[in-house]
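structure, please.
(chains A and B)
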Amino acid sequence: MSDKVRVRFAPSPTGFFHIGSARTALFNWLYAKHTGGTFVLRIEDTDGERNREEYLNILKNGMRWLGLDWDEGPDVGGDYGPYFQSQRENIYLEFLEILRKKGRAYDKDGAVFFKVSGEKQILHDAVYGDVARIEEKDFPIFRSNGTPVFHFVNVVDDICMKITDVIRGQDHLTNTNKHIELFKAFDAPMPQFAHIPLILKSEGQGKMSKRDRGALIEEYQAKNFLPEAVRNYLCMLGWNPKNDKEIMDIGEIIKLFDFHGIVKSNARFDERKMAHFNTEHLRALPADKFCELAAASMKRDFTGMEEYANKVFALCQPKALNLEAFPSMVDFFFDDSYAFDPVAKEKVFKKGDPIARLVEIREMLKSESNFDGQALHDKICEAAESKGLKLAEYFSPLRLAVSGLAGGPDMVPMLDLLGGGRVSKRIDRALSELS
RNA sequence: GUCCCUAUCGUCUAGCCCGGUCUAGGACAUUGGAUUUUCAUUCCAAGAACCGGGGUUCGAAUCCCCGUGGGGACGCCA
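Residues are numbered from 1 along each chain as shown, chains lettered A, B, ... in the order given. So this is what the prediction gives:
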C-alpha cells in the first residue's frame, strides 16, 4: 500500500538525549505502531564532526532503553538509506540542481539561497489546525562552506524517504512555511504535519533545557527508573486518552494513540508525578521480574542465597518507592553491620524507655526454643497489655534494633526471615550501641 | 521589535469542535483522619481552577472580538 504511514525521528547527536526529543521520538513511534506504519531513525549529523560515534551511542542507547525500536535507520538499514545526513551529500546536490533549473536557487556571498514565493502558506496541522504564515525573506540552503542547511536537508530527506507524517516539536511551527515552500518547489507530495507541544521547566521560565533536573534520559537510566514508567509519563505529557486512566500498558496506549488526543498547550514537567508513575509500575511488576531488578539494583552477590534474597525482595516490593532507594531499604537483611539511622533513633528515643523494652524482648527470646516471629509478636502484645503500654513502645525499638530504620516491611515476616539467632544478636548490638 | 501558537485547581489534564446534563470530573502534590505495631504501604476525607473585559444568546468554561499572561520562531544551529 502506497499510503502506508512512514514517520521519522531526526535528531542530531549532541551528546545527550533530551526528554523533549525523547517524547518526539515516542510520539512518532506510537503513531507508527498505532497505524502499523514504519518508524525511521535518521541522523542529522551535518556538522557534528567530533565524537560522533560516542554521541550516537548515547542516543541509540536511550531509545532502546525506552523501547523505541526503529524499523529503518542506523544498525538496521532499510531501503531508503543512507540514514546519516553526512552520507547523503550527492543527493542534496541533485536536489539543488532541480531548484537551480527552476530558478528557485541563487548564489549570494558564496552561499546558496532559496527564492521564496512571497505567497502566504497555509499549513493544515493535525494538532493545531490551519496556520497561515508568509515567509518574506529568501533563506540559505547551502552555507558558503558548501554544506547544506537544516531546512533543505530535512525536506529533501523527507521526500526521499517517503515520509507521510511529520511529527515534531511546536518550536518548528513557524519554520513549517519554509518547508512547505520547499515541498512545493520540488513538486513533492506534502506530508501531514503534526506539531506537538513543548515540555517546559518545572519552575522558572522557558522550555526544559539540558541543565534542568530530569531533562536527560541518561539520568533516568542512571537512577534505575523503569523505562516503561518513563515512557508512560512522557505519553501523558501532552497527550491523553480522553479518559481518566494514566498508568497504562504500552499496548493499550498504542491502541488509543491519535492526534486528536494531543494537547495544544505546553506542559510543565513534574518530577514528582514522574516518580509516582515509576512507583506504580514498580509495584505492578510480576514478582519474579521485580526480584531480578531488585537484585541487579544492589551491588551484592547473591549466589548461594537466591531463595533468601527473593523472599526479602518479595516482602519489600509493596513498600518499594523506586529502585534507587531500594538497596538502602533492604540492605540490613544482608549485612549485620548496618548503621542506626539517627533520625529513626531520635524518633524512637523520644518517648518511653526503648532500652528497657529491648531488654524485655531479649528475655522473651531467651525463653523461646524455636524462633517464631508470630509467637514473639504475641508475647510482646501480652506484655504491652499487662503493663498498659502502647504496642509501638515495643515494636519501634525492635524495628530500629534489627534494621536500623524507622520503617520497612511488615514486622512478623521480617523477623521470620532474619531468624531468631540474628534477631537476638542484633538486639544485643543495639543495646550496647544505643544505650 | 515582527510573526506564530496557547490560556480550566500549585502541576498534568477531562469538558470546549456539536452552547444548557458543570453546585466543572480525574491524577500528582498538599492537609486531616483511619488501619488502636512501626512505616515509606493501603483506605477515606478536605481544600484547591473556568486569566480580565466586552459582545452573541433565553442561556457561555464552551462561540466571536479586544486586552493580558505564558510559550515559540525570526542564524550560513538543528
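
surely residue A:182 touches residue A:114?
Yes: judged on CB atoms under 8 Å, residue A:182 makes contact with residue A:114 at a distance of 7.0 Å. For the C-beta atoms, the positions are set from N, CA and C on the backbone; glycine is no exception.

list residues touching both of the two?
residue A:152 (CB atoms under 8 Å, 6 or more residues apart in numbering).

buried residues in stretch A:369-383?
By neighbour count on 16 or more other CB atoms under 10 Å, the buried set for stretch A:369-383 is A:371, A:373, A:376, A:377, A:379, A:380, A:383.

repeat for stretch A:306-325
Residues A:309, A:310, A:311, A:312, A:313, A:314, A:315, A:316, A:317, A:320, A:322, A:323 are the ones in stretch A:306-325 that count as buried (16+ other CB under 10 Å).

mind picking the two most distant members of the residues you listed?
Greatest spacing in those, by CB to CB: A:311 and A:322 (20.9 Å).

residue ranges of the strands in the stretch 201-350 of chain A, please?
In the stretch 201-350 of chain A, strands defined by DSSP state E, counting those that start in this stretch lie at A:267-268, listed in chain order.

residues in it within reach of RNA strand B, list them.
Counting by CB under 7 Å from any atom of the strand, the stretch 201-350 of chain A comes close to RNA strand B at A:205-207, A:236-238, A:240, A:242, A:244, A:246, A:261, A:263-268, A:270, A:272-273, A:275-276, A:283, A:318-319, A:321, A:325, A:329.

narrow the residues you listed to those that are buried.
Applying 16+ other CB under 10 Å to those flags A:207, A:236, A:237, A:238, A:267, A:275, A:276, A:329 as buried.

what's the spacing between residue A:381 and residue A:388?
Distance of residue A:381 to residue A:388, given as CB to CB, to the nearest Å: 13 Å.

please apply the same query to residue A:318.
To residue A:388, residue A:318 is 33 Å away according to CB to CB.

ok, longest helix in chain A?
When chain A is parsed with DSSP state H, its longest helix is helix A:19-35.

other SSEs contacting the next helix-or-strand element following that helix?
For helix A:19-35, the following helix or strand on the C-terminal side (DSSP states H and E) is strand A:38-41. Applying 3 or more CB pairs under 8 Å, 6 or more residues apart in numbering; DSSP states H and E, we find strand A:38-41 packed against strand A:6-9, helix A:19-35.

strand A:38-41 close to RNA strand B?
No: Strand A:38-41 lies apart from RNA strand B when judged by CB under 7 Å from any atom of the strand; the minimum separation is 13.3 Å.

restricting to C-alpha, output that strand in CSV.
What follows is strand A:38-41, C-alpha atoms only, in CSV (Å, rounded to 0.1, in the frame of the first residue of the first chain):
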residue,chain,number,x,y,z
THR,A,38,7.2,2.4,9.6
PHE,A,39,9.4,4.3,12.1
VAL,A,40,12.6,5.7,10.6
LEU,A,41,15.6,6.9,12.6
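
okay, now residue A:34: neighbour count?
When neighbours are defined as other CB atoms under 10 Å, residue A:34 has 15 of them.

right, and it touches residue A:260 too?
No: contact criterion CB under 8 Å: residue A:34 and residue A:260 do not qualify, at 11.8 Å.

returning to what we had before: from the residues of the stretch 201-350 of chain A next to RNA strand B, which ones fall inside helices?
Among these, the ones falling in helices (DSSP H) are A:236, A:272, A:273, A:275, A:276, A:283, A:329.

related to what we said a few turns ago, which one of the buried residues of stretch A:306-325 is nearest RNA strand B?
RNA strand B lies nearest to residue A:320 out of those, by CB to the nearest atom of the strand, at 7.6 Å.

hang on, the earlier thing: does any part of the longest helix of chain A sit near RNA strand B?
No: using CB under 7 Å from any atom of the strand, helix A:19-35 never reaches RNA strand B; the gap is at least 9.3 Å.

ditto for stretch A:171-185
Yes: using CB under 7 Å from any atom of the strand, stretch A:171-185 reaches RNA strand B at A:171, A:172, A:173, A:174, A:175.

for residue A:224, see how far away residue A:304 is.
Distance of residue A:304 to residue A:224, given as CB to CB: 25 Å.

show me which of those two is the more surrounded one.
Set residue A:304 next to residue A:224 and count neighbours by other CB under 10 Å: residue A:224 wins out with 18 against 8.

how about that one, nearest residue that isn't a chain neighbour?
residue A:323 (3.8 Å; CB to CB, 6 or more residues apart in numbering).

now residue A:371
Leaving aside its chain neighbours, residue A:371 sits nearest to residue A:420 (2.6 Å; criterion: CB to CB, 6+ apart).
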